[in-house]
Every structure is written in C-alpha cells, then in structure tokens.
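# Pasted the sequence and its predicted model underneath.
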Amino acid sequence: MLKMSTLFLRTLRDDPADAEVASHRLLVRAGYIRRIAAGIYSWLPLGVITLRNVENIIRQEMDQAGFQEVHFPALLPREAYETTNRWQDYGPSLFRLQDRRGADYLLGPTHEEMFTLMVKGEYSSYKDLPLSIYQIQSKYRDEARPRSGIIRGREFVMKDSYSFDIDDAGLDLSYQRHRDAYISCFNRLGMKYNIVKAVSGAMGGSKSEEFLAPCATGEDTYVLCPKCGYAANVEAMITKVPAGDPKGVPALEELDTPNTPTIDSLVTVMNKNFGGGYTAADTLKNIMLVADGKAIAVLAPGDREVDLKRLQENLRGVHELRVFEEADFAKHPKLVKGYIGPQNVKALGITLYADPRVAPGTSWITGANKKNRHARFVVNGRDFTPDAYIEAAEVREGDSCPECATEIIIDRAIEIGHIFQLGRKYADALNLSVLDQNGKSQVVTMGSYGIGVSRAVAAIAEQTSDEIGLNWPAEIAPAKVHIVATGKENLPFDTALTLGTDLEAIGISVMLDDRREASAGVKFKDAELIGNPIIVVVGKALADGNVEVRVRATGDKSEVSLANAVTAIAALLK
RNA sequence: CGGGGCGUAGCGUAGUGGCUAGCGCGCCUGCUUUGGGAGCAGGAGACCGGGAGUUCGAAUCUCCCCGCCCCGACCA
C-alpha cells in the first residue's frame, strides 16, 4: 500500500514554468517526473510505478505472442554501427563518447545491429526460424530539439522487437503477429489510436505502419477517411487523380505576362488579359530544389505548396533537401526565376518530378522559360514528360480518399508505435544468413517493431487528463484506489487502513492518504491531480456507517456502506 | 543551426543603477483549525546562471560563456 504519509512525493500547486503540454505539466505537478536536462527526466516513485505498469502490459503481450525478451547494453562499441554505416548516417543525433583509451562508443539510439549480430552468433539453420526477440530499454538520441516533456526526450524508454525469417512469406506472418500483439497492447493501455500507413523512411524496407494516438499536441499529421477507414501519415498519403483528356486542347501558346513572377500575379494577369475564370489551380508550379547536391524540379498545381517533408520521405535515400537559393539559380542561367516551365527542364539535365495531381494528359498554364512570358495549353505527355511521379504537394482536409474518393479528415497525433518490414538491409550488411533445406545459404529477412514506452505514458496522460489533473486508466494508474481519510479522530484513519488492507487482499492496489496534518481540501486536490481511477473518502459519511466512492473520470459520487465497500469498489473496477 | 522568449530560495514570481533583494506556495516551531489547496504568531532557506567589464555603487548597464522553453530546420 502506498501511504502518502511516507511516500516520496511533493505535489506542486503551480504549473512549472518550463512545461507547456498537459502531460508534461501534470506529470511534474503531480510529482511523477522531474527535469534533469533538456529532454532528460528523472522518474519519482509514482512515475516509476506508472512506467512499470505500462512496461509490464507490453511485456505480457509480447510474451503472450511468443516473443522472447533479451537485454542489450545501452553503451555500445562503434564497430557494428560502422559496418552498417550508421555511425555516419545517424549524424549528430548519435550520442558518441570515448573510453579512457580513446576508443569510440555510442549510446544506442536503436539496436538493429545488436539484434542481428546476436542472432548471427547463435543461429545458422532455417530450422531455428522464425524468431522474434525484443527488449525494453533506454534509448539515446541527441535530438536537435527535445520538446514537450517526455513526448520527445533525448533519453526515453522503448520496447523494440525484431523478427527473423527465411523468406518474405515468413516475414509477412511475423509482421502480422506483431501487429496483432500491438493492437492488444494499446487496447489494454486504454488508448485511442489509429493504425496508419507510413513511409519506412531512413530505415529502409517496404511495408510500414504507425500506431498514432490522436491528440492536439501530437507532432504527426495523418489523414483518415471517415467512410472506408483509410488512414495514412500525410507523408504516406497517396493521391489518385484521373488522367486528363488532351484531345481538343489547342497547341501550346506563349503569352506576354509582364511582372508575373508569382502564382497570384500570374492569375491576375491571365484573368485580365486572356479571358476570365482562371484560378491558381489552373497554373503549374515549378519548384527547383537541391537534393543531396543535385538539382531537381518538382511540379505541383499552383494552388498547393510543396510539402518538403512529404517530398523528402518519398524521394528514397535523399538525406538533404532544400529549395533553390540565389547561388543555385546563378549556376543554372537557363532557369528564369519566376517563369520556369517544365518544357525544357530535362534538356538541362535536371530530373523532373511531378506530383500525381499533375496527371498525364492534363493541361496547364506555366512559365515559358523566358522573362515575362508564360505559356498555356501546356500538356503533360505532349509538351513535357515527367521522369517520375512523386507525392509532393501538401495534403488538405477534404482531399479525396485514394480508396473510395470520400473527403478525408486531417488530425494530429503522437506516434506511439511503428512496425515495419526491414527486409535484408541489416542481415546483408552484417552477413546474417542461415542454411536452407537444400544446404544453401540464405540471407535472413527482418522486421522491426517499436513502441515508445515512456512516450506512451505521456500520450495516455494527454488523452485522459483534464483541467484538474491526471486521470489514468485503471491498469496503469499508480494505484487503482486512492483512499482519503479525513477528520482529526483516529476512526477514519483506522477504518481507511483496514479498508485498504481488505482491498489489497483481493488484489486491488491502494494508495492511502493517511496524512494527519493535511486538510481535507488538500487531500482531495492531490487525489484528483494524481489521477487514480477510484477515490474513496473515509470521513463524514462514517457517521452513517458509509464511505464515499468517487469515480475520477466521471466525477460520479455515491455513498456505500462500509460493509459493502470492497465489493462495490471491485465492481466499479470491472 | 535560424527566429523569439527567459534564467532571482524546492516551486511560482516582484524588483530598469542607490538602505539589510520583496511576495505567494512549500518547509520548520507553537497555538487554533480539519469535507475542497486553513488562520495567527514566530522562523530557516538566495554567492540574483557563470565570468569579465563600466561605475563611488550592479540582480539592474556592456561583452563573452552556460543553461532552459517555444516556433522552424532536423528526427526508426
């Protein structure tokens, strides 16, 4: 039983000045966590219990699914990460350090290499597969900008699993098993979440989905179709636009459009000098970018910005992407800033990408590659041909669902889980292979599955807390029942202790506010701030042989006789 | 790394060149109180983020450094 008279806890009446989001503010105020440095937090007793509860639910579900727990050091030698190139690729986000001899080490940001090497060291036959192993451990990433308390920290607790299979069919199965296990986990954690299509990003690999916990403070944006349930990270959202019919479109015509370097000014001049009814959506934007030092052009409808994040995720393998600066234009004198058109871009040796909204056969108004000149009736497939189509234009609420064409909704969320099929990237690099039935060596194919454990604590706090405090689902609260004893006599305190003991005897965890010196008001405020699901007040009602039972989430109050209290409370927790 | 804000006691804060750095919460002692963050009285607790400078005099002005928060860039 957690007795508040001795619990290492001090709640704060005021919000901490450096906390903005609800989870951060309340976890600090309620005495769960304290900040040590930017993105680095200590966990106090209440926080540790809560974090453990989340961990244990995840652990149970992993074990249930037949995955086995292992544990790696957080402190790792450089070598393995050198082999997979991540010593370089991870860049400044990697915490690096040296031992006394000057040898390089790192604090693990994720452990693909270690898992791969561990399996390589033990297994060498297809008969040993499939295998899924996991760990729950602190990870370290020197984030450019830690933020929102424990939502994005530099040290955080993560559960990461890896699956090992001999072939793609096996990988599909392992992926599915993890997906199912994750669904069980997040359901038990009492979270609202969506499973959305994701891009696998820097990790490589093919199939990838994210588990997103919707909440206003989330960093991820995703789309959701209210009709068919299609869900995708905006970066992975697919655009389906029918091809245009170029028949009957007149030949390309160049026009005098003085002083129209922007889409707005172009639309104005078009409507003034070349017939009405034009909007920005009729124009074609030519965005010049530098991708890892190479110039590329991206086409998008004039009424939409190019979403650089989305573009970069879809340009596989590009590390650095930025828009053209003056110096870049200076290097490409044939590109007339403000009047670029796709008609000659390829002749300049620049790769031409088009957003799918610039569909084959569609006709556009765009630059004529001459100062103060634009062209209309510029048809995709006739007057220019993109090298490739790529999702680049911003996604908007109301855009069409790629599955059923219904208008999609856009929402924000915290990423709490990510599952993906890694394939053979790490097995190849680290030479993990097994012998198949024919005695032939086969490179193993892998999947990687993560859950942000400490982040889940924050996400649950975000989703469940209210103005007065935290409000945990029963399975993860520090205690299921928070008993408050009030008054100055011994009776309520003795009664509360007995009730707490009885509850614990049937497996219901209890936090007991047995502080004699604190006023009832303080105890109530603390109970609400701390956020255990059931609050039982042992005080005034005792005169009638009753205790008061409150439900934190709903605010419902009722009096039950002391004799029935245990069963009544147990029933509420069902 | 760019932009913005900030750093005064455990927490929240006042204090724009001039007495011993002020207040609230929390903490300690005593008395009173005890169903919604109690009252009274007394007390402890601050090298005012660090360093250098300007000045008769610096929490306050200048420069450098460190740290924190927010937006962006970045980020399995």
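Looks like it arrived, so ask away. Numbers count the residues shown, from 1 in each chain, chains lettered A, B, ... in the order given.

# what is the mean pLDDT for stretch A:366-374?
Per-residue pLDDT values across stretch A:366-374 average out to 92.

# typo on my end, stretch A:425-441
Predicted confidence along stretch A:425-441 averages 95 (mean pLDDT).

# cool, and stretch A:133-144?
So the average pLDDT for stretch A:133-144 ends up being 94.

# List the contacts of it.
Residues lying outside stretch A:133-144 but in contact with it, judged by C-beta atoms under 8 Å, 6 or more residues apart in numbering, are A:39, A:55, A:58-59, A:62, A:67-72, A:74, A:92-95, A:107-111, A:115, A:118-119, A:152-162, A:449, A:453. Yep, even glycine has a C-beta here, placed from its N, CA and C like the rest.

# from these, which are also near RNA strand B?
Within the set of the contacts of stretch A:133-144, contact with RNA strand B (C-beta under 7 Å from any atom of the strand) is found for A:39, A:93, A:109-110, A:152, A:158, A:160.

# By neighbour count, which of those wins?
Neighbour counts for these (other C-beta atoms under 10 Å) peak at A:Asp160, which has 23 neighbours.

# nearest residue to that residue other than its sequence neighbours?
Beyond its immediate neighbours in the sequence, the residue positioned closest to A:Asp160 (C-beta to C-beta, 6 or more residues apart in numbering) is A:Gly450, lying 4.8 Å away.

# Next, the contact list for the one you found, please.
With contact set as C-beta under 8 Å, 6+ apart, A:Gly450 has these partners: A:110, A:158-161, A:417-419.

# do A:Glu403 as well
A:225, A:228, A:230.

# about what we covered before: listing partners with orientation, what would you give for the host helix or strand of the residue nearest to A:Asp160?
Remark: A:Gly450 resides in strand A:445-452, with elements defined by DSSP states H and E. According to DSSP bridges, strand A:445-452 forms sheet pairs with strand A:155-165 (antiparallel), strand A:409-423 (antiparallel).

# Export only the CA atoms of the helix or strand that that strand is followed by, formatted as PDB.
Toward the C-terminal end, the helix or strand that comes next after strand A:445-452 (DSSP H and E) is helix A:453-464. Taking only C-alpha atoms (Å, rounded to 0.1, in the frame of the first residue of the first chain), the coordinates of helix A:453-464 have been written out as PDB:
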ATOM      1  CA  VAL A 453       7.100   3.200 -23.700                       C
ATOM      2  CA  SER A 454       7.800   6.400 -21.900                       C
ATOM      3  CA  ARG A 455       6.100   8.300 -24.700                       C
ATOM      4  CA  ALA A 456       3.000   6.100 -24.200                       C
ATOM      5  CA  VAL A 457       2.800   7.300 -20.600                       C
ATOM      6  CA  ALA A 458       2.800  10.900 -21.900                       C
ATOM      7  CA  ALA A 459       0.300  10.100 -24.700                       C
ATOM      8  CA  ILE A 460      -2.100   8.400 -22.200                       C
ATOM      9  CA  ALA A 461      -1.800  11.500 -20.000                       C
ATOM     10  CA  GLU A 462      -2.500  13.700 -22.900                       C
ATOM     11  CA  GLN A 463      -5.600  11.700 -23.900                       C
ATOM     12  CA  THR A 464      -7.100  11.200 -20.500                       C
END
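
# I'd like to know which elements the next helix or strand after helix A:453-464 is packed against.
Per DSSP H and E, the first helix or strand lying C-terminal to helix A:453-464 is strand A:481-485. Contact analysis of strand A:481-485 by 3 or more C-beta pairs under 8 Å, 6 or more residues apart in numbering; DSSP states H and E lists helix A:490-505, strand A:510-513, helix A:520-530, strand A:534-538 as its packing neighbours.

# Export the contacts of A:Gly450 to CSV and append columns for pLDDT.
Conversion of the contacts of A:Gly450 to CSV gives the following (pLDDT from 0 to 100):
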residue, pLDDT
A:Thr110, 92
A:Met158, 96
A:Lys159, 97
A:Asp160, 96
A:Ser161, 96
A:Gly417, 95
A:His418, 93
A:Ile419, 94
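
# Can I take it that A:Pro246 is in a strand?
No. Counting by DSSP: H, G, I helix; E, B strand; the rest coil, A:Pro246 is located in no strand; its state is coil.

# Check whether it really touches A:Gly381, as I assumed.
Yes. With contact defined as C-beta atoms under 8 Å, A:Pro246 and A:Gly381 form a contacting pair (6.7 Å).

# Find the residues that touch each one of those two.
Common neighbours of A:Pro246 and A:Gly381 (criterion: C-beta under 8 Å, 6+ apart): A:Gly361.
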